Structure formats: C-alpha cells, structure tokens
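[1] Sequence isn't available, so here's the structure alone:
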C-alpha cells in the first residue's frame with residue numbers, strides 16, 4: 001500500500017512539474033482606449049502573432065479603457081515591474097523620460113509621412129533607447145493621430161478664435177503652454193474624466209485625435225471640430241526592461257516583430273478611418289472645418305520657437321537639435337528629386 005502511495009505522489013509531482021514548466025507566460029498590456037480604437041486593433045494583431053508564434057508559450061491579455069489605471073499610473077506599474085506592458089500618450093511619458101517632450105513641439109510635422117519617417121528612423125529609436133535609463137523598453141509607436149481642437153463656443157478659423165476659450169488639455173506642461181500662447185486658457189483634465197467635464201460645461205473645448213473624438217462621442221457635448229493638427233501624438237508601447245531581458249532570445253525577437261506589425265496595422269486603420277470619422281461627425285450634427293495652411297503657419301510661428309526654447313531648458317539641447325534635424329531630413333527625403 002505504501003509503495004502505491006509513494007508511486008502516486010511521485011507521479012503527481014512529475015505531472016505538476018511538467019505542467020508548471022510549460023505554463024504560458026502572461027503578458028498584460030494596459031490601454032486607455034476601447035477595443036475598437038486603432039491602437040487597440042493593432043495590439044490585437046500583436047496578441048495574435050505573439051500567441052501563435054510562441055505556440056502558446058506566451059499569452060497576451062489586453063486591458064482596455066484604463067482598467068488597470070490611467071496612462072501615467074500604467075507606465076509607473078510597468079516601470080516598477082508590477083505590469084509587463086502599457087501604452088500612453090507622449091504627455092504622460094514625460095513624467096518618466098523628459099526627452100518625450102520633443103513630441104510636444106506644436107506643428108512639428110506637416111503630415112503622417114513626415115511623422116512616421118521620424119518615429120521609425122534614428123530620432124525615434126534614440127528616444128526609445130533613452131527609455132532604458134528608467135527601466136523601460138520601447139517597442140513600437142501605436143497610432144493615435146494628429147490632435148485637433150473641438151469647442152462648444154465657436155469654430156477655430158483664426159488665432160483670435162482661441163482667445164478666452166477654456167480648453168481641456170492633457171496633463172502636459174508644453175501642451176498647456178502652447179494653448180496659452182494661442183490665447184486660450186488651458187485646463188488639464190485626465191482622459192477618464194473628459195466626457196463628464198465636457199457634459200458639465202466646465203470647459204469650452206478640448207483637443208484630441210479624431211479617433212478619440214469619435215470614441216467618446218464628443219459630438220454629444222461639442223458643436224465644432226476644427227482640424228488644426230497641432231500635435232502628432234503616437235502611443236508608445238513600452239515594456240518593463242528587466243522582464244523583457246528575461247525572455248528567451250526567440251521570444252524577444254517575436255515580441256519586437258509583432259509590436260512593429262501591430263504598429264503598422266494601427267497606422268493603416270487610423271489613416272483609412274479618419275475621413276469616415278469626419279463624415280460621421282458631420283452626420284451627428286457636428287460642424288467640422290479644416291484650418292487653413294496659412295492660419296496653421298501663424299499658429300506655428302506663435303508657439304513653436306517658444307516651446308522649443310522651454311523644452312531645451314529641461315532636455316539636453318543636443319537631443320532636441322537632433323530631433324529637429326531628423327524632421328528636416330524627413331522633409332528633405334520626401335522632396336528629393338521634386
């Protein structure tokens with residue numbers, strides 16, 4: 001009887017050890033948006049590629065709508081090691097790495113092609129590399145889009161239209177400073193409180209990419225949407241650096257490759273959607289206007305040099321100059337031969 005008991009216990013231990021050794025590693029990813037946002041759809045592709053490519057050894061769980069905390073809280077969890085991955089806008093990222101302030105330079109990019117060349121080139125990769133000093137591994141730039149201004153008071157057709165408007169911004173000092181320079185009164189409000197603040201008319205307007213404007217039904221609480229594209233706002237996907245280093249080389253490569261595929265897919269989804277979103281906002285009764293290139297140039301002149309100067313007080317000047325040079329090189333490459 002004792003022999004059978006010993007044999008049973010031994011077999012149980014073997015099975016338990018085998019099960020444990022082959023248990024899938026879980027990768028938890030915190031997102032602030034819903035499952036239909038472009039960055040979320042890109043991360044759904046990331047999940048599929050990682051799980052299939054690892055033969056189930058890696059399991060990805062996506063937590064939408066700030067279930068695990070806001071953007072800043074989620075990145076802090078990643079940095080401390082209590083969470084594997086998160087995405088966040090550039091504004092919250094400056095809390096952990098002030099070099100992300102270069103993404104707060106207003107009217108830095110003319111279009112998506114310029115932005116993508118910089119993000120995917122030497123400048124963008126240098127920005128990701130600098131994250132390692134604070135325990136983060138930059139993986140990809142999930143798409144969020146260019147930020148635009150909405151208002152319940154009036155459309156933005158000139159700089160003068162900003163005067164006196166109380167505008168909700170992210171909790172990002174350079175965003176706030178840019179709107180001050182335009183004559184508005186910026187008020188920082190967390191993403192999770194945005195709709196309520198608009199509904200209660202605590203502020204006159206807000207600024208966000210088209211995908212976010214549609215996602216939170218901004219047409220219910222705002223009358224005007226002015227497409228000024230004042231800032232390009234990608235969503236960096238970051239992982240805990242030490243956790244990433246503990247993955248096998250094969251799994252590291254898989255995660256990196258899947259992240260880039262997810263990034264590119266999110267960009268394609270966003271680009272294909274934006275015209276449809278404008279049409280749907282119009283159908284919902286929102287008045288949408290394109291801010292002219294001449295007026296955007298006036299806005300750039302009113303804000304950009306001052307913001308760059310302020311950023312250089314917090315970020316090493318050589319990095320800011322490298323970033324700006326990267327933008328100029330992208331423009332030069334696009335126009336080569338024309």
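    Cool, the structure landed. Bear in mind that the values here come from a model prediction, so they are computed numbers and not experimental data.
[2] Please report how far the residue nearest to residue 150 when sequence neighbours are not counted lies from residue 317.
    Nearest residue to residue 150 in three dimensions, chain neighbours excluded: residue 222, at 4.2 Å (C-beta to C-beta, 6 or more residues apart in numbering). Where C-beta positions appear, they are placed from N, C-alpha and C, glycine not excepted. Here residue 222 is placed at a distance of 39 Å from residue 317 (C-beta to C-beta, to the nearest Å).
[3] Go ahead and name everything in contact with the strand or helix carrying residue 148.
    In this structure, residue 148 is located in strand 146-151 according to DSSP states H and E. With C-beta atoms under 8 Å, 6 or more residues apart in numbering as the test, strand 146-151 has contacts from 109, 112, 156, 165, 167, 204-210, 213, 218, 222-233, 286.
[4] if we go to 6 Å?
    For strand 146-151, contacts defined as C-beta atoms under 6 Å, 6 or more residues apart in numbering pick out 156, 204-209, 218, 222, 224-233.
[5] From residue 171, how far off is the nearest residue to residue 131 once chain neighbours are set aside?
    With C-beta to C-beta, 6+ apart as the criterion, residue 131 has its nearest non-adjacent residue at 4.8 Å, and that residue is residue 138. Going from residue 138 to residue 171 by C-beta to C-beta gives 21 Å.
[6] between these two, which one's more packed in?
    Counted by other C-beta atoms under 10 Å, residue 138 and residue 171 do not tie: residue 138 has more neighbours, with 21 against 18.
[7] Report the contact partners of the more buried one.
    Contacts of residue 138 (C-beta under 6 Å, 6+ apart): 128, 131, 236, 238.
[8] for those, which one is nearest residue 28?
    The shortest approach to residue 28 among those belongs to residue 238, at 13.0 Å (C-beta to C-beta).
[9] hang on, that closest one packs against residue 136?
    Yes: using C-beta atoms under 6 Å, residue 238 is in contact with residue 136, at 4.6 Å.
[10] Show me which of those two is the more surrounded one.
    The neighbour comparison of residue 238 against residue 136 (other C-beta under 10 Å) goes to residue 238, with 28 against 24.
[11] quick one on the thing from earlier: give me the distance from the strand holding residue 148 to the chain's centre.
    16 Å (C-alpha atoms, centre = their mean, to the nearest Å).
[12] in its sheet, what does it sit against?
    Using DSSP bridges, the strands paired with strand 146-151 in its sheet are strand 205-209 (antiparallel), strand 224-232 (antiparallel).
[13] Kindly reformat those strands as a markdown table containing distance to residue 34.
    Below are the strands paired with strand 146-151 laid out as a markdown table (distance: least, C-beta to C-beta, whole Å):
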| stretch | distance to residue 34 |
| --- | --- |
| strand 205-209 | 14 |
| strand 224-232 | 20 |
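[14] circling back to that earlier point, neighbouring strands for the helix or strand hosting the residue nearest to residue 131, and are they parallel or not?
    Assigned by DSSP H and E, residue 138 falls within strand 136-142. Here strand 136-142 has these sheet partners by DSSP bridges: strand 235-240 (antiparallel).
[15] what is the mean pLDDT for the partner strand?
    For strand 235-240, the mean pLDDT works out to 98.
[16] so residue 253 sits in a helix?
    Yes: per DSSP: H, G, I helix; E, B strand; the rest coil, residue 253 lies within a helix segment.
[17] ok, back up a step: please read off the pLDDT at the residue nearest to residue 131 from the model.
    pLDDT recorded at residue 138 is 98.
[18] Kind regards, and thank you for your time.
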